[in-house]
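K.L.:
here are the coordinates; sequence isn't available:
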């Protein structure tokens, strides 16, 4: 039986969101196929094996996976028969898992850092690899790559913290001249709309920029678009597939963290989205092109803005570890396309093993008659 390690929690502003997603994944993993081990990462970054995963109620997020601090655990950063070996230094208890299912979001989780550890250990894991994760997380780099691939993105400027500290007037003048108001301010490396503000006039700009810099050392200023928010789910490695479209209609000013997770009436989800087939097909193809352009694998949710005034669409962002609650857009889009939640989990785990197998075919040491020249 395959031993699946479900990682959740983490050192990011999306810690609680992760615990909500993990509760659903734990529930739907087929116990006839998998032995499931829950591994919680606390807010200090320490790992804790949960012997008996427990789902508890939360006033903001509904059901979340409980995270008990269970000892002092270490993790191998080297190959150990293709498994992740976790050892409790307090009592020498050991746990081995065959594949990791990360249900973590944001900094130190979704940005390639976690994936780098798993690559060192040669352990298969669900989702994008180091490159795809890091690129997908950095909104500025992702936009540059997408633009170069011919994929339309919302106009933006990048602002470093040092730029803001040294010359706030220059930054303010640049934002006003290029975009005017309203505009959006967001951290370059964050998810779940953490730290994002819609700025309606110059008087609120400094507050929004300062808030965004609390979450990252680089921020983006983006042109506001009067848009519908359309999303697609993508699944696969070398030959990805795309779901049908869904639409989010926020009931807040925009699709904020509160609208996503706190306010149960924060947004209306329409699946499928009301799009004509030509536009839907075009955006679906663009979602796959973007997925490949950013070197994604396993899965991603691709978010678009569809301009209500012009009919043009822009790719907003790619989420390489999207929300995974039973009501999250990623699994719901696949359910609408005929792929049940538990079957989706099966496919993601199979893709993790496939990618590890393909990677293992690559040579990592030079051998041949010319090797004498290397000595």
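P.N.:
Nice, I can see it. Since this is a predicted model, take the numbers as computed values, not measurements. Numbers count the residues shown, from 1 in each chain.
K.L.:
gap between residue 73 and residue 340?
P.N.:
As judged by Cβ to Cβ, to the nearest Å, residue 73 and residue 340 stand 34 Å apart. Bear in mind the C-beta positions are built from the backbone N, C-alpha and C, glycine included.
K.L.:
who's more crowded, those two?
P.N.:
Between residue 73 and residue 340, counted using other Cβ atoms under 10 Å, the more crowded position is residue 73 (19 against 12).
K.L.:
I'd say that one and residue 92 touch.
P.N.:
No. Under the criterion of Cβ atoms under 8 Å, residue 73 makes no contact with residue 92, lying 11.3 Å away.
K.L.:
check contacts around the spatially closest residue to residue 312 that is not a sequence neighbour.
P.N.:
On the basis of Cβ to Cβ, 6 or more residues apart in numbering, the spatially nearest residue to residue 312 that is not a chain neighbour turns out to be residue 152, at 6.9 Å. Under the criterion of Cβ atoms under 8 Å, 6 or more residues apart in numbering, the contact partners of residue 152 comprise 312, 313, 314, 315.
K.L.:
Could you name the helices and strands sitting against the helix or strand where the last one lies?
P.N.:
Okay, so that is residue 315. In this assignment (DSSP states H and E), residue 315 forms part of strand 313-319. Applying 3 or more Cβ pairs under 8 Å, 6 or more residues apart in numbering; DSSP states H and E, we find strand 313-319 packed against helix 130-137, helix 139-148, strand 227-236, helix 277-293, strand 298-307.
K.L.:
Any chance of JSON lines for these, columns distance to residue 59?
P.N.:
Formatted as JSON lines, these follow (distance: least, Cβ to Cβ, whole Å):
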{"stretch": "helix 130-137", "distance to residue 59": "29"}
{"stretch": "helix 139-148", "distance to residue 59": "31"}
{"stretch": "strand 227-236", "distance to residue 59": "27"}
{"stretch": "helix 277-293", "distance to residue 59": "35"}
{"stretch": "strand 298-307", "distance to residue 59": "26"}
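K.L.:
Quick one: closest of those to residue 182.
P.N.:
For the helices and strands packed on strand 313-319, the distance to residue 182 is smallest for strand 227-236, at 12.4 Å, taking Cβ to Cβ.
K.L.:
quick one: the strands in the stretch 1-150 of the chain?
P.N.:
Counting by DSSP state E, counting those that start in this stretch, one finds strands in the stretch 1-150 of the chain at the ranges 2-9, 34-41, 47-50, 55-58, 62-65, 73-75, 84-88, 94-97, 99-104.
K.L.:
Check which strands are paired with the shortest one and give the direction for each one.
P.N.:
It refers to strand 73-75. The partner list of strand 73-75 in its sheet, established with DSSP bridges, is strand 84-88 (antiparallel).
K.L.:
got it, and the fifth one?
P.N.:
The strands that strand 62-65 pairs with in its sheet are strand 55-58 (antiparallel) (by DSSP bridges).
K.L.:
avg pLDDT for the partner strand?
P.N.:
Average pLDDT, strand 55-58: 90.
K.L.:
ditto for stretch 307-320
P.N.:
Within the predicted structure, the mean pLDDT of stretch 307-320 is 95.
K.L.:
Give me the buried positions along that stretch.
P.N.:
Using 16 or more other Cβ atoms under 10 Å as the burial criterion, the residues of stretch 307-320 that qualify are 313, 314, 315, 316, 317, 318, 319, 320.
K.L.:
quick revisit: any idea which of the helices and strands packed on strand 313-319 gets closest to residue 218?
P.N.:
Between residue 218 and the helices and strands packed on strand 313-319, the tightest spacing by Cβ to Cβ is seen for helix 139-148, at 6.7 Å.
K.L.:
Quick one: distance of the closest one to the chain centre.
P.N.:
What separates the centre of helix 139-148 from the centre of its chain is 16 Å, taken as Cα atoms, centre = their mean, to the nearest Å.
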